[in-house]
Each structure stands twice: as C-alpha cells, then as structure tokens.
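Asks: The following block contains a protein sequence and its predicted model.
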Amino acid sequence: MNAVVRPHRLLHTLGEADLDAVLAIEQLAYEFPWTRGNFLDSLHAGYLMQVLLTPAHGRVGYFIALAGVDELHLLNLSVAPPCQGQGHARYMLDALCELARQRCAAQLWLEVRISNTRARELYERYGFCNVGVRRAYYPAHGCQREDAVVMSLQMAKATHGPG
Ligand SMILES: CC(C)(COP(=O)(O)OP(=O)(O)OC[C@H]1O[C@@H](n2cnc3c(N)ncnc32)[C@H](O)[C@@H]1OP(=O)(O)O)[C@@H](O)C(=O)NCCC(=O)NCCS
C-alpha cells in the first residue's frame with residue numbers, strides 16, 4: 001500500500017475497496033454528489049486519489065486531482081460532515097502541495113461553487129486566489145445552474161508545508 005503515516009491520520013491511495021465508504025461521505029457532503037461511475041472513471045483514468053483515515057473514525061475524507069504538464073487540478077476535496085472543522089481539509093491540501101512539489105508543478109487549480117463560502121474561505125486562507133468565474137458550471141435546483149469561482153495557488157508562493 002502506498003501510505004503516508006502521520007500522528008492520528010493516515011493518507012493512502014484511494015482504491016476500489018474504498019469506494020463504498022467514499023460514496024457514503026460524498027452523498028452526505030454534497031447536494032449534487034459524484035456517482036460511483038465518476039469515481040470509477042477517475043480511478044481508471046489514473047487521477048491522483050487519496051483517502052484520509054483516522055483511528056477513531058476510519059475513512060473521513062478524500063481528494064482527487066488531475067495532473068497536467070506542470071499543474072494539478074483539484075477535482076474533489078471532501079470531509080465527512082461529522083469530522084469537519086478539525087483540520088482534515090487543510091491536512092489534505094498540505095499533502096496535495098507535497099505531491100505538486102514532487103511533480104515540479106507550478107500551480108494548483110480548482111473550481112468551487114460561488115455559494116460554497118466555507119470551502120472558498122478554506123482555500124483563501126490557504127493562499128489560493130480567485131482568478132475567474134465559469135458561468136453556469138454546476139447543476140442547481142429547479143433546472144438552474146450555478147457559477148464556479150476558479151481559484152489558483154502558485155506553488156512558488158505557497159507557504160504551507162506538509163502538516
Ligand atoms: C470545505 C471542507 C472540505 C472543509 O473541510 P474541513 O476539514 O472542515 O476544513 P478544516 O477543518 O481543515 O478547516 C480549514 C479551514 O476551513 C474553514 N472552516 C473549517 N471549519 C469551518 C466552519 N465550521 N465554518 C467556517 N469555516 C470553517 C476555516 O477557514 C479553516 O481555516 P483555519 O484552519 O485557518 O481555521 C468541508 O467542509 C467539506 O467537505 N464540505 C463539503 C464538500 C465541499 O464543499 N468540498 C469542497 C468542494 S470545492
């Protein structure tokens with residue numbers, strides 16, 4: 001197993017054996033969750049996928065990123081609702097930055113719902129900057145669509161080291 005051990009938390013490569021637990025978190029965390037097919041497609045495409053475990057709660061979160069030539073695109077970052085507010089997302093962002101550095105990536109990219117103030121605050125406090133808006137990017141209720149804020153973190157300016 002490709003595992004990184006740190007006190008009270010362990011990140012390992014997300015595999016098919018994790019999917020039931022990951023889907024359960026996904027369905028609690030989002031109004032419009034990814035499907036099992038989305039996760040399987042990501043696995044088969046070879047995306048960077050890691051799942052976070054704690055001794056007390058087992059699988060508590062995960063992230064999925066697409067590696068480009070000199071950048072990483074964060075596609076999904078989620079923490080189980082009962083385990084939020086304990087630094088798990090920040091810890092996974094540290095791990096993502098570590099992966100980016102190993103790959104000599106110049107920057108990280110992500111999209112986030114404009115209404116997702118909690119996630120936007122997380123990313124802003126971590127050092128990401130707003131760099132644009134993708135109109136009607138996400139599904140929303142009542143046949144509506146919601147804009148995405150595009151955010152970027154320049155690795156040379158990233159000050160957060162692995163936790
Ligand atoms: C957004 C999310 C990933 C944050 O995960 P988390 O583990 O709770 O975040 P952390 O505990 O690492 O907190 C890091 C930052 O998030 C913010 N945050 C955490 N808990 C918060 C709360 N209860 N209220 C407001 N902001 C909060 C803070 O800015 C915090 O910064 P700090 O470390 O400087 O205090 C989590 O809420 C989640 O999974 N939400 C649903 C899925 C989602 O929206 N994912 C993002 C898609 S782009």
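Replies: Cool, got the structure.
Asks: Which SSE is immediately downstream of the lowest-mean-pLDDT helix or strand in the chain?
Replies: Ranking every helix and strand in the chain by mean pLDDT, DSSP states H and E puts strand 3-6 at the bottom, with a mean of 56. Next along the chain after strand 3-6, taking DSSP states H and E as the criterion, comes strand 9-13.
Asks: Are that following strand and the ligand in contact anywhere?
Replies: No: using Cβ under 6 Å from any ligand atom, strand 9-13 never reaches the ligand; the gap is at least 11.2 Å. Glycine gets a C-beta too; all of them are placed from N, C-alpha and C.
Asks: Tell me which other helices or strands that strand touches.
Replies: strand 3-6, strand 48-54, helix 88-102 (3 or more Cβ pairs under 8 Å, 6 or more residues apart in numbering; DSSP states H and E).
Asks: If we use 6 Å, what do you get?
Replies: Here strand 9-13 touches strand 48-54, going by 3 or more Cβ pairs under 6 Å, 6 or more residues apart in numbering; DSSP states H and E.
Asks: chain center to the helix or strand that the strand it packs on is followed by, what's the gap?
Replies: For strand 48-54, the following helix or strand on the C-terminal side (DSSP H and E) is strand 58-67. Here strand 58-67 is found 6 Å from its chain centre; the criterion is Cα atoms, centre = their mean, to the nearest Å.
Asks: What parts of the chain come near the ligand?
Replies: Close to the ligand, as judged by Cβ under 6 Å from any ligand atom, the chain has residues 29-30, 77-79, 84-90, 112, 116, 118-119, 121-122, 125.
Asks: So how do I select the buried members of those in ChimeraX?
Replies: With 16 or more other Cβ atoms under 10 Å as the criterion, this ChimeraX line picks the buried residues out of the residues of the chain next to the ligand:
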select :29,77,78,79,86,88,89,112,116,119,122
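Asks: Next, find the distance separating Gly127 from Glu16.
Replies: 33 Å (Cβ to Cβ, to the nearest Å).
Asks: out of those two, which sits in the busier spot?
Replies: Counted by other Cβ atoms under 10 Å, Gly127 and Glu16 do not tie: Gly127 has more neighbours, with 17 against 10.
Asks: Right, I'll call it a day here.
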